[in-house]
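Novice: Take this sequence and fold it.
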Amino acid sequence: MNTLSKMDKVLLAGLASLAVLGIFTLYAAVHHGDITIWQKQNLFWLLGMMSFMTVCFIPLRSIGLMTWPLYLIALLFLMMVPFIGDIQMGARRWLDLGIIYLQPSELMKWTLVFLLAHWFASREPASLISFSAALIATLLPAALIVIQPDLGTALVLLLAACAMLLVSGIRWRWIFAAIATSPVCLYLLWNNMHTYQKTRVLSFLDPQSDPLGAGYHVIQAGIAIGSGGIFGKGFLEGTQARLHFLPEQHTDFIFAVLAEEGGLIAVLLLLALYGTLISRILIIASRAHNRFGSLLCVGIASIFMLYIFVNIGMVSGMLPVVGVPLPFISYGGSSLVTMLAALGIVMRVAIESKDKIPWQRPGSPLS
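Specialist: Residues are numbered from 1 along each chain as shown. Model prediction:
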């Protein structure tokens, strides 16, 4: 039985459904503006599916061997951003590599998951040395991402790492110690946040305090979501998007476009597709015959869950505004291609679980 026939059909169906919904939603968001954005996203989908299919054929053993080189490359890119990165929308987050614009923080999220999965699959997670090394490997890129500034991605990275630490079997007293230090960390984070980031947090608590400034995004998104009702205004009939009242409607706030035009029905459909995708990833994790594959799937699922929760919470006014895309729906090349590559790894775990292929050679020092 070949590799293609062993692919997980539920995962493929969920991904295909999200692709269709994402392409139509983005078209609705940019139809009355720059249509080239939609055309570029179709190209990103093509590149992303190529990366998805390529990764499906890479053995987990080889992925394990690539974890450190990939992590170090992503870390190097992050270190280059403050010096030669391009500034867009007031933040220095992108590198111009000539052929493409790369957002190193998107690459780092996934490479850190790969590194932590390999690390805890090969070592005793209860060891203080092992835990400390994993903590340093997490905090270093998180600090580099915060100074870009990109607080949203940094938080997703930290929370995903915490999820992997929890399932890896670390001692609970270390978890309680980390919780005890959280007030100090929050105090230091607040004092080192940029003024606009503090304003976003304060406007989240009271959007009407600055309706034409920091609270504008949340207010307009709330109008769009509320006006959609149960069945929505209809495809391409959303007034908030068509009249450009909704800011960043093709990226961070695209959920409001979906809710306005498709209503509650479209929102429930999107959540059902996300639930299917994430639950399937976790099922594949539970069926993985090795620890490395299981931890990989848990880390990937946690990133998707965090992105979904933070983006929808941000757009609906339940969380402060941070720059986090909605998976497979928001416009973005780096995020889409890396997400599809990550799903390719999940698919590889599913394929190898059926064949019970060892991810380490017998007699390996990591076995």
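Novice: ok, which stretches of the stretch 151-300 of the chain are helices?
Specialist: In the stretch 151-300 of the chain, the segments counted as helices under DSSP state H, counting those that start in this stretch are 151-168, 172-180, 182-191, 195-205, 216-228, 239-242, 254-287, 291-315.
Novice: pLDDT (mean, whole number) over the third one?
Specialist: Translated: helix 182-191. For helix 182-191, the per-residue pLDDT values average out at 68.
Novice: returning to that earlier point: burial-wise, tell me which of the helices of the stretch 151-300 of the chain comes out on top.
Specialist: Among the helices of the stretch 151-300 of the chain, judged by mean count of other Cβ atoms under 10 Å, the one packed with the most neighbours on average is helix 291-315 (a mean of 23). For glycine as for every other residue, the C-beta is placed from the backbone atoms N, C-alpha and C.
Novice: ok so, going back, of the helices of the stretch 151-300 of the chain, which is nearest residue 335?
Specialist: Proximity of the helices of the stretch 151-300 of the chain to residue 335 was assessed by Cβ to Cβ; the nearest stretch is helix 291-315, lying at 8.7 Å.
Novice: Same list (the helices of the stretch 151-300 of the chain) but as a markdown table, adding distance to residue 21.
Specialist: Formatted as a markdown table, the helices of the stretch 151-300 of the chain follow (distance: least, Cβ to Cβ, whole Å):
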| stretch | distance to residue 21 |
| --- | --- |
| helix 151-168 | 22 |
| helix 172-180 | 37 |
| helix 182-191 | 35 |
| helix 195-205 | 28 |
| helix 216-228 | 15 |
| helix 239-242 | 16 |
| helix 254-287 | 7 |
| helix 291-315 | 13 |
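Novice: and of those, who's closest to residue 54?
Specialist: Comparing the helices of the stretch 151-300 of the chain under Cβ to Cβ, the one sitting nearest is helix 291-315, at 16.5 Å.
Novice: Which SSE is immediately downstream of the closest one?
Specialist: The C-terminal neighbour of helix 291-315 among helices and strands, as given by DSSP states H and E, is helix 333-355.
Novice: how about that following helix: buried residues?
Specialist: The neighbour-count criterion (16 or more other Cβ atoms under 10 Å) identifies 333-353 as the buried residues of helix 333-355.
Novice: Against which helices or strands is it packed?
Specialist: Contact analysis of helix 333-355 by 3 or more Cβ pairs under 8 Å, 6 or more residues apart in numbering; DSSP states H and E lists helix 9-30, helix 36-56, helix 60-84, strand 101-102, helix 104-122, helix 254-287, helix 291-315 as its packing neighbours.
Novice: and the ones you listed as CSV, adding mean pLDDT and distance to residue 220?
Specialist: Converted to CSV, the helices and strands packed on helix 333-355 look like this (pLDDT from 0 to 100; distance: least, Cβ to Cβ, whole Å):
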stretch, mean pLDDT, distance to residue 220
helix 9-30, 94, 14
helix 36-56, 93, 19
helix 60-84, 90, 31
strand 101-102, 78, 27
helix 104-122, 89, 27
helix 254-287, 94, 8
helix 291-315, 92, 10
